[in-house]
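Colleague: no sequence for this one, just the structure:
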Ligand SMILES: Nc1ncnc2c1ncn2[C@@H]1O[C@H](COP(=O)(O)OP(=O)(O)OP(=O)(O)O)[C@@H](O)[C@H]1O
């Protein structure tokens, strides 16, 4: 479970304050995958980063009682001067997993060939996002965080393999997806919310959430 309790978050731009959350309270429950609809630039990435613990609230608290992934595509835990092999084995140890398993899983999924033993700093952005996606899928979480703005790969073979593993994982896991597009949420989510004016409005169905989202667009 992830529970936001009276959470406020804003950024000072030098001229004004950009408010992302204003004393917002909501919960993500295990077994109830949630899609959050939000217009571009209103705070999708910030909210996902707060769920992952990468951004702190200004006020209020965020309670986590499950194993929560880092955001899909997040590169923060990967060391550029080390090879994919070294990164995979290091992350396996951090999560108390078998380094041989994590290394061979990522090697199979990434399709980086000899680059798997080259420093990550020599990779293209597509290669880096394949590695970060593979590392996330090698670990098991209760809640997976997906930001629609995440780096993506155009490698067809990788997308096929990663899509298969992700679908398998999601059978037992809960997902939080933030997106500006309702059709992105349809694939993953049972319930939906709308981020609007610093509040997160929760709905039982995506249809209901879309009504508020569309109403806002036309008003
Ligand atoms: N560290 C920061 N300092 C100042 N402003 C920030 C900071 N981080 C984010 N912002 C601003 O907060 C707002 C929300 O940013 P965020 O990246 O969370 O939005 P988003 O909905 O994911 O955006 P996009 O749809 O463009 O991906 C944006 O206006 C952004 O410029």
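Modeller: Perfect, thanks for sending it. The structure presented is a predicted model; accordingly, all values stated were derived computationally and were not measured.
Colleague: Residue 9: what's it in contact with?
Modeller: Neighbouring residues of residue 9 by CB atoms under 8 Å, 6 or more residues apart in numbering: 19-21, 43, 46, 50, 55, 57-58. C-beta here means a position set from N, CA and C on the backbone, and glycine is covered the same way.
Colleague: Restrict these to the buried ones and give me that as a ChimeraX selection.
Modeller: A single ChimeraX command selects the buried members of these (16 or more other CB atoms under 10 Å):
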select :20,21,43,46,50,55,57
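Colleague: out of the contacts of residue 9, which touch the ligand?
Modeller: Near the ligand, judged by CB under 6 Å from any ligand atom, the entries from the contacts of residue 9 are 20, 43, 46.
Colleague: Okay, and which of these map to helices?
Modeller: Using DSSP state H, the subset of the ones next to the ligand among the contacts of residue 9 located in helices is residue 46.
Colleague: Of the ones next to the ligand among the contacts of residue 9, which is the nearest to residue 37?
Modeller: For these, the minimum distance to residue 37 (CB to CB) is 12.0 Å, reached by residue 43.
Colleague: So for the closest one, what's the pLDDT?
Modeller: You'll see residue 43 listed with a pLDDT of 94.
Colleague: Show me what the longest helix seen in the chain is packed up against.
Modeller: As assigned by DSSP H, the longest helix anywhere in the chain is helix 156-172. Contacting helix 156-172 under the criterion 3 or more CB pairs under 8 Å, 6 or more residues apart in numbering; DSSP states H and E are the following elements: helix 99-110, helix 125-138.
Colleague: centre of the chain versus the shortest one, how much separation?
Modeller: Right, helix 99-110. Centre-to-centre, helix 99-110 and its host chain are 21 Å apart (CA atoms, centre = their mean, to the nearest Å).
Colleague: residues in contact with the longest helix of the chain?
Modeller: Residues contacting helix 156-172 (CB under 8 Å, 6+ apart): 33, 108-111, 130, 133-134, 137, 140, 144, 153, 188.
Colleague: go again using 7 Å as the cut-off
Modeller: Applying CB atoms under 7 Å, 6 or more residues apart in numbering, the contact partners of helix 156-172 are 109, 111, 130, 133, 137, 153.
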